[in-house]
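Undergrad: Fold the following, please.
(2 chains)
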Amino acid sequence: MRTILSIAAAGIAASPLTYAAGIEVSVEIPRLNVAEYHRPYLAMWIEHPDQSFAANLAVWYDQQTSKSEKGTTWLKDLRQWWRKSGRDLTLPIDGISGATRPPGVHSIAFQGAKSPFAKLEPGPYQLVVEASREVGGREIVRIPFQWPATAAHPVKVKGERELGTVQLSVRP
Amino acid sequence: MTLANVRIGAVLFVLTTLPSTLLAHRQWLLPSSTVLSNAGAWVTVDAAVSNELFYFDHVPLRLSNLKITGPDGGEAKPENAATGKYRSTFDVQLSIPGTYRIATVSNMVMARWKENGEEKNWRGPAAEFTGKAPAGASELAISTMNSRVETFVTVGKPSNRACEPTGKGLELVPVTHPNDLIAGKAATFQFLLDGKPAAGLEVTLIPGGIRYRDQLHEIRAQTGSDGRFTTTFKEPGMYWLNAATAPARPAGPGAAPVGPSGPPRMPVGDRSSYTATLEVLPE
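TA: Numbering: from 1, shown residues only, chains lettered A, B, ... in the order given. I've put the predicted structure just below:
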């Protein structure tokens, strides 16, 4: 696993970090022993505590178009993300859209003024990660956090089927 | 004749006079998907009249009155339409983003009158009734039956233009959009009858999959004075929504359901029924 856990160990005071602070999200896509495996579609976004939408972080999907089908056909299977944001968007979006990823741990850093976090009003939020796999299942993991972030992070939540460990951490 | 006999007679008359699809069994249009991501995507729709939901086990729903309204209010054409022994089927290409309303609407007329002392009756599409009863007909009694069977599918963001009421018969007006239904969340709809709120209307919702359970698990609701009702779908799945007005019995000649001699008369009045297939998605 990544070395993000060093924050707490570094003894940073539990006061809010500045907006310049970076956020890192790591998502583990589990290796599954199934007859037919396709990489999951995955969306990552920020919600308010009432689960209303706040900002997109990433959406990983098949961006290719075959003769018979577009990869965007299955975006609707990221049901919550589709309902809350996806259906309002025209994809691809720079900095949000990406290709599907193989099993393993994938980290994305969000830093600087262009980061979706930088635009958040101070307050409580949730990080949401939704994964949906063709001929497989769907799973959602939520991690509550306070913005601006405090050094109390990283926070880990472990998925049960379609997601492994999801971790939210602050990078000063 | 006793009242009971009158009732049985009336029912028999109705059963033998109306097309069976108008009264018996359950009519439905079942789309292959209701929520889609890509403009240009296709849906296949099955259309049947059945006992079990949603299995085609009785007769096909005829497609002669099919009308598909697109997000821009324009009409979309069904492709590959076919009617088999148990179901009809057709494809619809959803060329532009938004909500499509896929509906079959029928307007039937049932009329009886006396012509030179002889009892006559006629039934058929309302559009063909003109001129069927002669000017000199006496005791003319006309009943109409309006029936709408529909479903909704959406590409991208749900839109409302295709759902705008036509002002004829019973219609469902989305308060909660019909392609935005989520298990465990309350949904509100409004019923209109001829464009005005249909108050006190009994509404039934039955989840599909009846074949594999012993109880219907139907949801019953009644519209308020504003024609609205609110319900919460406990489970995701396809639901069959149905409501019908009670037959009106206006006073006056021809309104009496029975004659002193001869066959009993059917109740005279206008009826309207509404059926929709709604998909409720998991949270």
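
Undergrad: show me what contacts residue 99?
TA: Let's take chain A. The neighbourhood of A:A99, defined by Cβ atoms under 8 Å, 6 or more residues apart in numbering or on different chains, consists of A:60-63. C-beta: built from backbone N, CA, C; applies to glycine.

Undergrad: let's do chain B instead
TA: The neighbours of B:T99, taking Cβ under 8 Å, 6+ apart as the test, are B:71, B:152-154, B:158-163, B:177-179.

Undergrad: again, 10 Å this time
TA: For B:T99, the set of contacting residues under the criterion of Cβ atoms under 10 Å, 6 or more residues apart in numbering or on different chains consists of B:34, B:69-71, B:152-163, B:174, B:177-180.

Undergrad: filter the residues you listed down to the ones close to chain A.
TA: The subset of these within reach of chain A, counting by Cβ under 10 Å from any Cβ of the partner chain, consists of B:34, B:154-158, B:179-180.

Undergrad: how about the residues of the stretch 51-200 of chain B near chain A?
TA: With the criterion set to Cβ under 10 Å from any Cβ, the stretch 51-200 of chain B comes near chain A through B:97, B:154-158, B:179-180, B:182.

Undergrad: Run through the strands of chain A in chain order.
TA: Using DSSP state E, the strands of chain A run over A:22-29, A:41-47, A:53-60, A:97-98, A:104-110, A:123-132, A:138-147, A:155-158, A:165-171.

Undergrad: can you tell which of these is closest to chain B?
TA: strand A:138-147 (8.1 Å; Cβ to the nearest Cβ).

Undergrad: Can you list the strands that the closest one pairs with?
TA: Paired neighbours of strand A:138-147 in the sheet (DSSP bridges): strand A:123-132 (antiparallel).

Undergrad: how about the partner strand: buried residues?
TA: The neighbour-count criterion (16 or more other Cβ atoms under 10 Å in any protein chain shown) identifies A:125-132 as the buried residues of strand A:123-132.

Undergrad: Kindly report the same for stretch B:184-199.
TA: So stretch B:184-199, judged by 16+ other Cβ under 10 Å, has buried residues B:187, B:189-193, B:197-198.

Undergrad: taking those as a set, which two sit the farthest apart in space?
TA: Of all pairs drawn from the buried residues of stretch B:184-199, the widest gap by Cβ to Cβ lies between B:A187 and B:L193 and measures 20.4 Å.

Undergrad: ok, so what distance separates B:G124 from B:A111?
TA: 9 Å (Cβ to Cβ, to the nearest Å).

Undergrad: Name the residue in the two with the higher neighbour count.
TA: In this view B:G124 and B:A111 are compared by other Cβ atoms under 10 Å in any protein chain shown, and B:A111 has more residues nearby, 20 against 13.

Undergrad: Next secondary structure after the host helix or strand of the more buried one?
TA: Here B:A111 is covered by strand B:98-115, with elements defined by DSSP states H and E. The element immediately downstream of strand B:98-115 (helix or strand, assigned by DSSP H and E) is strand B:118-125.

Undergrad: Can I get the helix or strand following that following strand in CSV, CA atoms only?
TA: Using DSSP H and E, the helix or strand that follows strand B:118-125 in sequence is strand B:138-155. Backbone C-alpha positions of strand B:138-155 (Å, rounded to 0.1, in the frame of the first residue of the first chain) are rendered in CSV as follows:
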residue,chain,number,x,y,z
SER,B,138,-84.6,6.9,-30.9
GLU,B,139,-83.4,6.1,-27.4
LEU,B,140,-79.8,6.6,-28.6
ALA,B,141,-77.4,5.8,-25.8
ILE,B,142,-73.7,6.2,-26.4
SER,B,143,-70.9,5.0,-24.1
THR,B,144,-67.3,5.8,-24.7
MET,B,145,-64.2,4.0,-23.5
ASN,B,146,-60.9,5.7,-23.6
SER,B,147,-57.8,3.7,-22.7
ARG,B,148,-54.2,4.7,-22.5
VAL,B,149,-51.4,2.2,-22.0
GLU,B,150,-47.9,3.7,-21.9
THR,B,151,-44.4,3.7,-20.7
PHE,B,152,-41.5,6.1,-20.6
VAL,B,153,-37.8,5.8,-21.5
THR,B,154,-35.1,8.4,-21.1
VAL,B,155,-31.7,9.0,-22.7
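
Undergrad: Identify the residue nearest the geometric centre of chain A.
TA: A:M44 (2.9 Å; Cα atoms, centre = their mean).

Undergrad: ok so, going back, which residues are in contact with both of B:G124 and B:A111?
TA: Once Cβ under 10 Å, 6+ apart is applied, the residues that B:G124 and B:A111 both contact turn out to be B:K132.

Undergrad: Correct me if wrong: A:Y41 contacts A:D77.
TA: Yes - taking contact to mean Cβ atoms under 10 Å, the distance of 6.4 Å between A:Y41 and A:D77 places them in contact.

Undergrad: Name the residue in the two with the higher neighbour count.
TA: Legend: neighbour count by other Cβ under 10 Å for A:Y41 and A:D77, higher for A:Y41 (25 against 19).

Undergrad: out of the strands of chain A, which comes closest to B:V49?
TA: Each of these was scored for nearness to B:V49 using Cβ to Cβ, and the closest is strand A:138-147 (34.2 Å).

Undergrad: Centre of the chain to the closest one, how far?
TA: 9 Å (Cα atoms, centre = their mean, to the nearest Å).

Undergrad: List the buried residues of that strand.
TA: Taking 16+ other Cβ under 10 Å as the basis for neighbour counts, the residues of strand A:138-147 that come out buried are A:138-141, A:143, A:145, A:147.

Undergrad: quick one, it and strand A:41-47 angle?
TA: Angle of strand A:138-147 versus strand A:41-47, following axes from the mean of the first three to the mean of the last three Cα atoms, to 10 degrees, is 30 degrees.

Undergrad: can you pick the most crowded of the contacts of A:A99?
TA: Using other Cβ under 10 Å as the contact criterion, the top neighbour count among these goes to A:Y61, which has 27 neighbours.
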